[in-house]
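Undergrad: Give me coordinates for this.
(2 chains)
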Amino acid sequence: MNRLFVGSLVAPFLLAAAVAAPAGRVQRAPAAAEFLVGQAETGRPGGQLVVVQRAEPRTLNPVSAVDNPSRDVLRRMHADLIHVNRETQRTEPALATAWKVSPDGRRYTLTLRRGVQFSDGHPFDADDVVFSFRAYLDEKVASPYRDLLTVGTKPIAVRKLDQQTVQFDLSEPYGAGERLFDSVAMLPRHLLEKPYAEGRLAETWGLTTAAVEIAGLGPYRFKQYVAGEQLVLERNPFYWKVDRAGTHLPYLDRLVFAIVPNADAQAVRFQAGEADVTMRLSAANFDVLLRDQPKRNYELTDLGASVDYTFLVFNLNDLSGRGLAETERRQAWFRQLAFRRAVSLAIDREGIVRLVYRGHAVPLWGHVPPGNKLWVNTALPKPRRSVPEARQILQGAGFKWQADGALLDAAGRPVEFTIVTNVENAERVQIATIIQDDLKQLGMRVNVVTLELRALTARLLTTRDYEGLVLGLGGSDGDPNTEMNVWLSSGGFHIWNLGQVKPATPWEAELDTLMRRQLTTLDARERKRLYDRVQQLVVENLPITSLVSPNVLVGAKKGLGNFRPTVLDHHALWNVDELYWRERRSGATP
Amino acid sequence: MLALLALVYLAVIAAGFVAPGDPVTQHREFVFAPPARLHFVDPAGQFHWRPFVYAPVLRPGTFDSYDEDRARMYPVRFFVRAPPVRIAGLFSWERRLIGTESPAPLFLFGSDQYGRDVFARLLYGGQISLFAGLLGAALSLGIGVVLGGIAGFYGGWLDEILMRGAELFLALPWLYLLFAVRMSLPLQIAPAQAFLLIVIVVGIVGWARPARLIRGVVLSARTRDYVLAARSAGASDPYLLRRHVLPQVVGIALTQAAVLVPQYVLAEVTLSFFGLGVGEPVPSWGNMLSGLHRYHVLASYWWMFLPGIALIPVFLLYYALADALHQRASILSH
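TA: Prediction:
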């Protein structure tokens, strides 16, 4: 596949024609700056936007950030070379204006945008790109991006051709192509080279770092952090994007992340007008806010199915030598496909959608939600809930029923097990309680235990001391590559049976082959065919029982121009550089 | 006072008879249904001595809005026949205090997020919450009386050790301790057992306060003139305890019990609210109230507060009882 992509959005732009800079701020750029011209509705500069955020970011370091709150903030402060448009789900030029792929799909040549400056005014060029990739790929830095940027056996080799051109060599072709570059923030070499050389790159740029020591290429730059309260970003005057009228983006002067740890408190803050944007609303709060909407100055949107999925998983790990004899004994049931099929058939998915999500969710049978339009296998069967059929399957597998209706296994032991989930997530607790009641109709006795997320993760990943577990996954851009660690039998998040030395079952071996092949296949249709088969194998063997995919529910104050939230990550903030207030007001003051 | 309190306990013990429904069945088509309205006047304007209800019907396209189906009235009847239910684990009975012939369940106090009967859960939940109170109070008072008595009566180094130990227990951050206890319990333990364990832990940890009180009483009794006189006359320790000290303690201990029981009821409510108490689907007042930390429940469904309201009369009755006991004890000791 050889293609040359020249962005049609790219146009030369001279600063002389720019509109007056806001008072008190210096704006300068080299005469030949090559600005990206946004095609969105032309807006009005000024004002601020308050976004409620569930947790504090852990760091301001794009190299080491793994948590969602950090990434939500960092994505506003940094830019990538090639970007996946969250609305169209296609790639588009960002810091690279054009790119060329070699016929074997292993060499990418990127042309960088001219005259781009970091948020501290320092110019950006190929040396920064080379430095950034060196940092991400350095084993000592241990960046989470290292795995994503390792295609095949070897990490990418990066070479500077001239100040504006960089060449990337992959050891194997990469199926998702130039999507590889999305979300990989370009770092300022002039600020980070020293800490990198001293081996403390991963620890630099914390929340207490002075604003002047941090610079990026995104629409906003760090201004202030008040612990436990808020994080403030201010407009980056050197941002490389303008609107059709030539006004420098972004429009908004300030972006405030108000930290409100509790989902219900977030809803109340938003309802009271103390926040302009809220994302990841729970269905119940969405309904409460919706009822109040006519009286209030906000608008709520149900964006439909997300790319997240919630599922039930049974512990299929090899537990020998861990002192979990009781769980090991119960694994004899979990390992039977008939048992897992009966459980799946007895679960009232429609009931979960109605009771837990009030209709703001879709029931799932395969793990890929319909919100992931490019990848969902629509041919998968969607068997209707049937308790009699489930009982038949159990009977066929040698299970019996006691006079009082309790289920006994072939050896005459009553079927009783525990489902754990994290106490912070009220929806999951409710799902577990519904499953408990559904399985009671099969004669299974299920205990629901709620644990703190950290305790739960420790059980899942370290001690492996659990039986059943309700959990959710998601937050990716929907491409199967982001789930390599889930589906590979050796993967660190191969939840039901972690990090196998060699595949425990034939179908897990097939999953390995399929996932590895799709990673390096360039033909998109062939990749889809491979991933369809992955989804089919998961449904047939039920290592996880997919339950439901919640809709993305967002709210924003009225009058926010260009507000076009998406189901992919950062829902309402993906186009923050284009957001603006239609009327002269400055948004909420937290 | 005592009679009223007994009535509350009786209703809770006989929950299977008093409640028209059972506490765990999920009526998923009736989620967050409001309490059934008892009518006396039919659509034709005619008055009926026997109250009646209409069946609730979900308003199409909504999640929790219900209309009454006025086409048919269902009179409320007493001592109706129903599937047999076990009362207090002793015998089974196939009568219910009240019921209707309506195809829809009769939700006297509405239904919760799974469509379960709040009235039935309130009564069955009372079994857990009120008896957790009794058990916790009995445990800490029992230990308190023994240890406090020993410390007060014998004094010296024994008193010193026991009272410093009590102070240590008072300083324990018990909520975190309980989190730790819950974490370390194996998952296979049934929720009711886990809860019983936690009540026992709370009861044991709570011995310090009653022990300090009892010690004071015993100490003052021991140094009274007539006790000293009896001792100098050669009375043995057991005799002194039985004849002079314990009668003083009994009144105080009973008063203390009446104060402690509601405190342990509240402890159960608190623990279940934090998810440390009884697990689903078993009801308790605490885990019924824990739904209230969600904004939509707080904002939309007032009947979910009922377990909290049920605590008020129970508390008032217990404190009135404590007062009465206290007065009797003072009269006796003077």
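Undergrad: what packs against the longest helix belonging to chain A?
TA: Assignment by DSSP state H gives helix A:524-541 as the longest helix of chain A. When contacts are defined as 3 or more C-beta pairs under 8 Å, 6 or more residues apart in numbering or on different chains; DSSP states H and E, helix A:524-541 packs onto helix A:506-520, strand A:544-557. In short, each C-beta sits where N, CA and C put it, glycine included.
Undergrad: Any chance of JSON lines for those, columns distance to residue B:203?
TA: Formatted as JSON lines, the helices and strands packed on helix A:524-541 follow (distance: least, C-beta to C-beta, whole Å):
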{"stretch": "helix A:506-520", "distance to residue B:203": "50"}
{"stretch": "strand A:544-557", "distance to residue B:203": "40"}
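Undergrad: Torsion angles phi and psi at the spatially most central residue of chain B?
TA: Residue closest to the mean C-alpha point of chain B, counted by C-alpha atoms, centre = their mean, is residue B:130 at 2.0 Å. Phi and psi for residue B:130, reported as degrees, to the nearest 10, are phi -70, psi -40.
Undergrad: Surely residue A:254 touches residue A:49?
TA: Yes - in terms of C-beta atoms under 8 Å, residue A:254 counts as a neighbour of residue A:49; the distance is 7.4 Å.
Undergrad: Check which residues of the longest helix of chain A are buried.
TA: Buried residues in helix A:524-541, counted by 16 or more other C-beta atoms under 10 Å in any protein chain shown: A:527-528, A:530-539, A:541.
Undergrad: Tabulate the residues you listed (a markdown table), appending pLDDT.
TA: Formatted as a markdown table, those follow (pLDDT from 0 to 100):
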| residue | pLDDT |
| --- | --- |
| A:527 | 92 |
| A:528 | 93 |
| A:530 | 94 |
| A:531 | 94 |
| A:532 | 94 |
| A:533 | 95 |
| A:534 | 95 |
| A:535 | 95 |
| A:536 | 95 |
| A:537 | 95 |
| A:538 | 94 |
| A:539 | 94 |
| A:541 | 94 |
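Undergrad: for the helix or strand of chain B with the lowest mean pLDDT, packing partners?
TA: Within chain B, no helix or strand scores below helix B:174-184, which has a mean of 76 by mean pLDDT, DSSP states H and E. Applying 3+ C-beta pairs under 8 Å, 6+ apart, one finds that helix B:174-184 contacts helix B:191-205.
Undergrad: what are the ranges of the helices in chain B?
TA: Counting by DSSP H, the helices of chain B are B:2-13, B:15-18, B:118-154, B:156-170, B:174-184, B:191-205, B:208-222, B:225-232, B:237-240, B:246-273, B:285-289, B:295-300, B:306-333.
Undergrad: and of those helices, who's closest to residue B:48?
TA: Ranking the helices of chain B by proximity to residue B:48 (C-beta to C-beta) places helix B:118-154 first, at 22.4 Å.
Undergrad: Show me which residues of the stretch 201-334 of chain B are close to chain A?
TA: B:275, B:279, B:280, B:281, B:293, B:294, B:295, B:296, B:297, B:299, B:300 (C-beta under 8 Å from any C-beta of the partner chain).
Undergrad: how does it look with 6 Å?
TA: If contact is defined as C-beta under 6 Å from any C-beta of the partner chain, the residues of the stretch 201-334 of chain B in contact with chain A are B:275, B:279, B:280, B:294, B:295, B:296, B:299.
Undergrad: Spatially, which two of those residues are the most separated?
TA: Using C-beta to C-beta, those span at most 26.2 Å, a distance reached by B:279 and B:299.
Undergrad: ok, so what distance separates the residue nearest to the centre of chain B from residue B:284?
TA: From residue B:130 across to residue B:284, the span is 10 Å (C-beta to C-beta, to the nearest Å).
Undergrad: now residue B:183
TA: From residue B:183 to residue B:284 the distance is 20 Å (C-beta to C-beta).
Undergrad: ok so, going back, just want the angle from the longest helix of chain A to helix A:506-520.
TA: 160 degrees (axes from the mean of the first three to the mean of the last three C-alpha atoms, to 10 degrees).
Undergrad: Tell me what angle helix A:524-541 forms with strand A:544-557.
TA: Using the same axes, to 10 degrees: helix A:524-541 against strand A:544-557 is 120 degrees.
Undergrad: Tell me the span between the first and last residue of stretch A:169-181.
TA: 13 Å (C-alpha to C-alpha, to the nearest Å).
Undergrad: circling back to that earlier point, quick one: the longest helix of chain A to chain centroid distance?
TA: Centroid displacement of helix A:524-541 relative to its chain, using C-alpha atoms, centre = their mean, to the nearest Å, is 21 Å.
Undergrad: Contacts only, for residue A:176.
TA: A:479, A:481 (C-beta atoms under 6 Å, 6 or more residues apart in numbering or on different chains).
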